[in-house]
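1. sequence and computational prediction follow.
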Amino acid sequence: MTANFTENDEGKPVVMGDEKVGMIKRVEHGTAHVDPDPGITDKIKSTLDWGDHDEDTYPLEEGRVETITDDEVRLQSRM
């Protein structure tokens, strides 16, 4: 899916499988920046390439997005 993020997506939860991995904090130039949920595992962070960053938010690669609905952004469970 080609993800077309807009400011309307800010505040939506980001979900992978049955687990909430974060929330879209802001959208800049079509890229969603996710504030990760404090409880997500290192395995999920590694899968999303978020393990080595020392930032508050992480850019979401649009190739990882399965669907965007009015209520959430769902990521592909397998890459």
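-> Cool, got the structure. Numbers count the residues shown, from 1 in each chain.
2. so what touches stretch 16-32?
-> 3-7, 9-15, 33-37, 40, 44, 47-48, 56-60, 62, 73-77 (CB atoms under 8 Å, 6 or more residues apart in numbering). From N, CA and C alone the C-beta is placed, and that goes for glycine too.
3. among the residues you listed, which are in helices?
-> Of the positions in the contacts of stretch 16-32, Ile44, Thr47 sit in helices, assigned by DSSP state H.
4. buried subset of the contacts of stretch 16-32 as a PyMOL selection?
-> Burial among those is assessed by 16 or more other CB atoms under 10 Å; the matching PyMOL selection reads:
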select buried, resi 3+5+9+12+14+15+33+34+36+40+44+47+48+57+58+60+73+74+75
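5. can you tell me which of the contacts of stretch 16-32 are in strands?
-> Filtering the contacts of stretch 16-32 for membership in strands, criterion DSSP state E, returns Pro13, Val14, Val15, His33, Val34, Asp35, Pro36, Tyr58, Pro59, Val73, Arg74, Leu75.
6. and stretch 63-73, which residues are buried?
-> Within stretch 63-73, the residues that count as buried by 16+ other CB under 10 Å are Arg64, Val65, Ile68, Glu72, Val73.
7. Three-state assignment for the nearest residue to Pro36 once chain neighbours are set aside, please.
-> Counting by CB to CB, 6 or more residues apart in numbering, the nearest residue to Pro36 once its immediate chain neighbours are dropped is Gly22, at 4.2 Å. Following DSSP: H, G, I helix; E, B strand; the rest coil, the label given to Gly22 is strand.
8. any stretches of the protein with poor pLDDT?
-> Residues of the chain meeting the criterion pLDDT under 70: 1, 41-43, 51-55, 78-79.
9. again, only using 80
-> Low-confidence segments of the chain (pLDDT under 80): 1-3, 38-55, 77-79.
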